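# With the sequence up front, the predicted model follows.
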2 protein chains.
Amino acid sequence: MNKPKVDSERLWAGLMEMGRIGATPGGGSGRIALTDLDREGRDLFVGWCREAGCAVRIDRMGNIFARRAGTDEARSPVMTGSHLDTQPLGGKFDGVYGVLAGLEVVRALNDAAIETEAPIDVVVWTDEEGVRFQSSMIASGIFAGLYDLDHGLSSADSNGKTMGQELERIGYAGTEPVGGYRVDSYFEAHIEQGPLLESEGKSVGVVLGAQGKRCYRVTVEGEEGHAGTLPMDQRRDALLGAARMIDAVNRVAFSHQPRPVITVGAIRARPNSPNTIAGSTEFTVDSRHPDGDLLAAIGDDLRRVFAEVADEAGLGVGIEQTTHRPTVTFDPSCITAIREAADALGIPHRDIYSAAGHDACNISHCAPTGMIFVPCEKGISHNEKENAKPEDLAAGCAVLIQAILERAN
Amino acid sequence: MNKPKVDSERLWAGLMEMGRIGATPGGGSGRIALTDLDREGRDLFVGWCREAGCAVRIDRMGNIFARRAGTDEARSPVMTGSHLDTQPLGGKFDGVYGVLAGLEVVRALNDAAIETEAPIDVVVWTDEEGVRFQSSMIASGIFAGLYDLDHGLSSADSNGKTMGQELERIGYAGTEPVGGYRVDSYFEAHIEQGPLLESEGKSVGVVLGAQGKRCYRVTVEGEEGHAGTLPMDQRRDALLGAARMIDAVNRVAFSHQPRPVITVGAIRARPNSPNTIAGSTEFTVDSRHPDGDLLAAIGDDLRRVFAEVADEAGLGVGIEQTTHRPTVTFDPSCITAIREAADALGIPHRDIYSAAGHDACNISHCAPTGMIFVPCEKGISHNEKENAKPEDLAAGCAVLIQAILERAN
C-alpha cells in the first residue's frame, strides 16, 4: 500500500481561507450558525469536497456528509469531522480544524491513490457552539438520538427565527433523515483548548473521554453589622465565611487523585459596602473530573467542608447544584487506534481528557468514537487570538488518517 | 445645694416633638442641614431655650449658643450640645438627644434653683451629618480652628447653593465670630450607635475617645484561565488569593490586644464568571482602633500577610490607603468627671470608644472634652428605626448635669 502524506501547507491554506469568511479585526472569525457567513463557509467546504470527488448529502438538521466512496459500499461509514460555526469573536481553528483535517484525509488518500473498504464521511455538524439558538451541539445530539428532531428545528434565536426557518433560508435544510443508521466509528480532530500539550511539547493528545462537570451556587448567610462598632467576636461575617470556604474548595481539589479542576470564579457580597459587615455572600463552584463517581464524591466533600466552616463561624450555608454534565468515555478500540497511529508515526503524544463538550461526546452515544487533540497556543480558545502550529495540525491529521485506515480496512 | 432632677418625661416629649419635624414614614426624621425643616427644628429649640431663660447667640456658621448665665460671667463657659440635623432617613435620637439633654440640664437646674459660677452654653452645631454639603462636622471644625470660615461658607450643595447662602435664607447667618474664645470644657451626650452598652446592660458609656480609622483598597493580580482545562497547580487564581487574604485579615484582628475591628466588606472579582479563573480581585479593608500607633502597625501587618499570601500563590498585590481618620483622646479630667458622676448616681457604666466621628472630636482640639454615651436599641443608628429607652436617656442626662456642675463650680 502507498503511504498517505498530509500536505501541511494545503491544510493550513484551507484554514486561512475559511477564516477569512467572517474575519474579525483581531485576527479571528465570527461565523455564527445559520447566518449568511455560515452559508458561505459551508459552500466553500462543499465545493472543496466535490472537487475531491466526494458525494455530498445534507440531512434535515443541516449536517453535511461528504462521502469518499469505499470499495464495499455496503459497509457502514467511518466518519470524521467537526463544525464550521464559531463564537462571535472566535478563532480560526476551533471546529474548522476537525472539518478540514477530514477533507485533508480525503485529499491525501486521493493523492496516494489509496482505496478503503468502508466509505469515509467527512461531516460538518450544524451549530456546535450554541451561541445563537442557546443549545450547543444540538444537531450532533439529534443524530445520536439524544434529542428529537422537532426540538432542534423549533429552537429559536432571540429574534424568534427558528433553526428550521434559518436552514431553509440559507439552503441547508436537507432531506436526509438525521442519523438512525449504523456508523462504524467517528473520529474528531480538534485543538486542545487547554495548555497541557503545548506545555509538555506533545503534538497529539489521545483523548480518553470528556470530563464531567458539576456546578454549584453557594449562599452564605450571616448578619449585617457596623464595621466600626461590632466587636470581632460578635460578628457573623458572611464574606469571611465565604473566603474560608473558597480556600477549602482549593484544599478539596488537592485532596483527590487524579486531581480534579475546581474553580470559584464568581462572588457577590451583600451589601458589598466597605463599612458594613456582609450579611450574605454568594459564590459559584465549577468542578470537573473524568471520573463521574469521584465528581459526585467531590460534591459531598464540598458540602461537608462548607458546613464545617459555617458551623464554626455561626453562619448558614446553602448549596445548590446548577449544572450536571455527565462524563463521557470514548471507545477503547478507537482510543487504541489513535494511540498506535501516533506511536507508529513517532509523534509525541499523551493521554488527555477533554475539558469541554464536543460533538464527539454526543456521537459516542451511537457509535465507537475517539478524538485527537493538537496543541493550541497558550491554550487560548474561544478567542480571536486562537492559534496553532502548522506542524502540529499536520501531525494530528496524520494520526487521523492512520486511525481511519485502521477502521476502514 | 439642692439636688437637680432630670424630668425623664419632659426630655422624651421634647425628642418626640422635635422628631415630628421632618417625620418619615418609618418613624424616623429627615431634617437635612439648612433646609426649611432644619429652620423649623432650630426655631423650636431656640423658643424652648428662651422660655428657659437663656440668651441665644448665633455665630457666622449658624452654630446656636443658648446661655444659662453663671454667677461669674467672666468665667469661660461650660459647653454642652450636639446637632439637630439628621440623615435623609435618620432617627429621632442621633444628635437631637445631646441638644435636648443640654436643654434638660438648664431646665433641671432652673427647677432646683441651682446657680453655677461659670455660664453654661447649650450648643447646636450646624450640619454635623454632612449629607448635603459633603463635609461632615464642618461648623464645629471651624469653631475648633481646624478649617477656615470661608471654606465652610463657600461649601456648596449639588445645586450650587452654598452654606453661606442657605444660612442667610433660613435666617441663621449670625454675626458672632466662630470660636476664638476660651471654652472651659465641652460635654456631649449621644446614643452609642453600637451594641455594647445594650448587650452589657449599662446605661452609660464613659467615652475615652474616638477610634482612628484606616481604610485600604487591595488589588490582587493573577491570570485569567479556563476553569475546565487549566490544572490546579498551574493557576494564578486572584479570587483564591483574595480569599486567603480575607482570612488573614481576620487573624490579624485577633492577634492584637486591645482588639481592633477590621472588616472586609466589599469585593469584586474580574471577570466574575463561573467558568473563568479570576484574573484580578479587589477588596476593601476597614480597620479601626483607639490607639493610633497600633492602627498604623496593623496596616504594616496587613501589608506583610498580603505579601506572604501573594508570594506563595504567585500573585501580585497592591495595597492603597484610602482613608486615614486619626484617633481622638478625650480630656482625662472630663472623663473622670463623667465616670465619677455615674458612680455617685449608681448608674451602671463602662468605658467605651466612639466608633464614629462627633462634633466632640473636633472640639477636643480647642477645649477639654468628654462624651457620654447611652444605649440605643440593637445598636441601630442612621436609620428610621433608631430607638432608645427613656430611662437610659434620663440616666445619661443625670450624669451630664453632674459633670457640668463639677466643671462649672
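Here it is on my side, so go on.

# How about the residues of the stretch 251-400 of chain A by chain B?
If contacts are counted using C-beta under 8 Å from any C-beta of the partner chain, the residues of the stretch 251-400 of chain A sitting beside chain B are A:253-254, A:259-269, A:271-278, A:284, A:286, A:288, A:355-356, A:379, A:381. All C-beta spots, glycine's among them, are computed from the backbone N, C-alpha and C.

# From the residues you listed, which land in helices?
With helices taken from DSSP state H, the overlap with those comprises A:253-254.

# can you tell me which of the residues of the stretch 251-400 of chain A next to chain B are in strands?
Using DSSP state E, the members of these that fall in strands are A:261-263, A:267-269, A:276-277, A:284, A:286, A:288.

# who touches the residue of the stretch 251-400 of chain A found nearest chain B in this structure?
Of the residues in the stretch 251-400 of chain A, the one nearest chain B is residue A:355, at a distance of 3.3 Å by C-beta to the nearest C-beta. By C-beta atoms under 8 Å, 6 or more residues apart in numbering or on different chains, residue A:355 lies in contact with A:193-194, A:210-211, A:261, A:288, B:226, B:228-229.

# which of those residues sit farthest apart?
Greatest spatial distance in the contacts of residue A:355: A:210 and B:226, 14.0 Å, computed using C-beta to C-beta.

# Neighbour count for those two, which is higher?
residue A:210 (25 against 20; other C-beta atoms under 10 Å in any protein chain shown).

# Would you mind measuring from the more buried one to chain B?
Residue A:210 sits 10 Å away from chain B, taking C-beta to the nearest C-beta, to the nearest Å as the criterion.

# My guess is that residue contacts residue A:352. True?
No - judged on C-beta atoms under 8 Å, residue A:210 makes no contact with residue A:352 at a distance of 10.4 Å.

# Just among the ones in strands among the residues of the stretch 251-400 of chain A next to chain B, which is most surrounded?
Going by other C-beta under 10 Å, residue A:263 tops those with 30 neighbours.

# Run a quick neighbour tally on the nearest residue to that residue once chain neighbours are set aside.
Counting by C-beta to C-beta, 6 or more residues apart in numbering or on different chains, residue A:263 lies nearest to residue B:227, which is 3.8 Å off, once chain neighbours are set aside. The tally of other residues near residue B:227 (other C-beta under 10 Å) stands at 25.

# quick one: residue B:227 and residue A:284 touch, right?
No - if you go by C-beta under 8 Å, residue B:227 and residue A:284 don't touch, sitting 9.5 Å apart.

# okay, and the common contacts of these two?
A shared contact of residue B:227 and residue A:284, defined by C-beta under 8 Å, 6+ apart, is any residue touching both; here these are A:265, B:274.

# right, and out of the ones in strands among the residues of the stretch 251-400 of chain A next to chain B, which lies closest to residue B:234?
The nearest member of these to residue B:234, counting by C-beta to C-beta, is residue A:261 at 10.1 Å.

# and stretch A:156-164, how far from the chain's centre?
For stretch A:156-164, the separation from the chain centroid amounts to 23 Å (computed by C-alpha atoms, centre = their mean, to the nearest Å).

# List the buried residues for it?
Neighbour counts using 16 or more other C-beta atoms under 10 Å in any protein chain shown place A:157, A:162-164 of stretch A:156-164 among the buried residues.

# likewise stretch A:194-207?
When neighbours are counted by 16+ other C-beta under 10 Å, the buried residues of stretch A:194-207 are found to be A:194-198, A:202-207.

# again with stretch A:361-371
Taking 16+ other C-beta under 10 Å as the criterion, stretch A:361-371 shows A:361-364, A:366-371 as buried.

# what's the answer for stretch A:168-179, then?
Residues A:170, A:172-174, A:178-179 are the ones in stretch A:168-179 that count as buried (16+ other C-beta under 10 Å).

# which other residues reach that stretch?
Counting by C-beta under 8 Å, 6+ apart, A:34-36, A:38-39, A:42, A:57-65, A:126, A:139, A:142-145, A:149, A:152, A:164, A:167, A:366 sit against stretch A:168-179.

# What helices and strands are in contact with the lowest-mean-pLDDT helix or strand in chain A?
Here the helix or strand of chain A ranked lowest by mean pLDDT, DSSP states H and E is strand A:225-226, holding a mean of 82. Helices and strands touching strand A:225-226, as assessed by 3 or more C-beta pairs under 8 Å, 6 or more residues apart in numbering or on different chains; DSSP states H and E, comprise strand A:276-277.

# What is the strand it packs on packed up against?
strand A:225-226.

# Give the pairing partners of the strand it packs on; include direction for each.
For strand A:225-226, sheet partners with direction are given as strand A:276-277 (antiparallel), following DSSP bridges.

# show me the contacts for residue A:278.
With contact taken as C-beta under 8 Å, 6+ apart, residue A:278 is in contact with A:222, A:224, A:237-240, A:242, A:269-272, B:265.

# mind running it again at 10 Å?
The contact partners of residue A:278, taken as C-beta atoms under 10 Å, 6 or more residues apart in numbering or on different chains, are A:220, A:222-225, A:235-242, A:268-272, B:263-267.

# for the stretch 1-150 of chain A, what are the low-confidence residue spans?
Applying pLDDT under 70 to the stretch 1-150 of chain A picks out residues A:1.

# Looking at it, which residue is nearest chain B?
With distances taken as C-beta to the nearest C-beta, the stretch 1-150 of chain A approaches chain B most closely at residue A:94, which sits 12.6 Å away.

# For that residue, which three-state class applies?
In three-state terms, and counting by DSSP: H, G, I helix; E, B strand; the rest coil, residue A:94 is coil.

# Count the residues that sit near residue A:242.
31.

# thought it was touching residue A:279?
No - the pair residue A:242 and residue A:279 fails to qualify as a contact (C-beta atoms under 10 Å) at a distance of 11.8 Å.

# shared neighbours of those two, which are they?
Between them, residue A:242 and residue A:279 have A:220, A:222, A:269 as joint contacts when contacts are counted by C-beta under 10 Å, 6+ apart.

# want to throw those residues into JSON lines with distance to residue B:114 and pLDDT?
Written out in JSON lines, the entries for those read as follows (distance: C-beta to C-beta, whole Å; pLDDT from 0 to 100):
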{"residue": "A:220", "distance to residue B:114": "57", "pLDDT": "98"}
{"residue": "A:222", "distance to residue B:114": "51", "pLDDT": "96"}
{"residue": "A:269", "distance to residue B:114": "54", "pLDDT": "96"}
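
# Closest one to residue A:301 out of those residues, please.
Out of these, the member with the shortest distance to residue A:301 (by C-beta to C-beta) is residue A:220, at 17.3 Å.

# check contacts around residue A:38.
Contacts here follow C-beta under 10 Å, 6+ apart; on that basis residue A:38 touches A:21-22, A:31-32, A:62, A:83-86, A:124, A:126-127, A:132, A:166, A:170, A:172.
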